[in-house]
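Enquirer: Requesting a structural model of the entry that follows:
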Amino acid sequence: MPKICVALGERSLLQGFGLAGVVLSVAETDEEVRTGWAALPPEVGMVILTPRAARALDGIPDSQSPLTAVLPS
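Expert: Take a look at the predicted model:
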C-alpha cells in the first residue's frame, strides 16, 4: 500500500501543500496538533510540520513515527 504525506499545522502555512496532493490536517492550537498527530492513520509515511506544530510535538515523534520535516521559520 502506498504511503501518504500529511501536512500538520496552521492553515495559513499549509494551503499550498493541498495543491500538490498532500493531505492537510489543520491544527491551530497545541492541543489540536497533538490530537491530529495521535489520529494519523498507519498509511502515513511522512508528516510536514509547521514550526509551531513541531514545538507542540516536542519529544513525541520517535523511531516508530512517520518521517517528519519541519518548515523553516
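Enquirer: dump the residue contacts of Ile48.
Expert: 5-9, 14, 17, 22, 68-71 (C-beta atoms under 8 Å, 6 or more residues apart in numbering). No exception for glycine: its C-beta is placed from N, CA and C like everyone else's.
Enquirer: mind saving the C-alpha coords of the one helix or strand Cys5 maps to as CSV?
Expert: Per DSSP states H and E: Cys5 is located in strand 4-9. Output of strand 4-9 as CSV, limited to C-alpha atoms (Å, rounded to 0.1, in the frame of the first residue of the first chain):
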residue,chain,number,x,y,z
ILE,A,4,0.6,9.2,2.0
CYS,A,5,2.0,12.6,3.1
VAL,A,6,0.2,14.8,5.6
ALA,A,7,0.9,18.5,6.5
LEU,A,8,0.0,19.3,10.1
GLY,A,9,-0.2,22.8,11.5
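Enquirer: Quick one: name whatever helix or strand follows that strand.
Expert: Per DSSP H and E, strand 4-9 leads on to helix 11-19 as the next helix or strand towards the C-terminus.
Enquirer: Can you list the buried residues in that next one?
Expert: 13-14, 17 (16 or more other C-beta atoms under 10 Å).
Enquirer: next SSE after it?
Expert: strand 23-26.
Enquirer: Need the contact partners of whichever helix or strand comes after that next one.
Expert: Where DSSP H and E defines the elements, the next helix or strand beyond strand 23-26 is helix 30-38. Residues outside helix 30-38 that contact it (C-beta under 8 Å, 6+ apart): 8-9, 25-27, 47, 52-53, 55-57, 60.
Enquirer: Next: stretch 62-73.
Expert: 3, 6, 9, 13, 40, 44-51, 54, 61.
Enquirer: ok, which pair from those residues is furthest apart?
Expert: Within the contacts of stretch 62-73, Lys3 and Pro51 form the most distant pair, 23.7 Å apart (C-beta to C-beta).
Enquirer: Name the residue in those two with the higher neighbour count.
Expert: Using other C-beta atoms under 10 Å, the more surrounded residue of Lys3 and Pro51 is Pro51, with 14 against 11.
Enquirer: what about Ala39, how many residues close to it?
Expert: Other residues close to Ala39 by other C-beta under 10 Å number 8.
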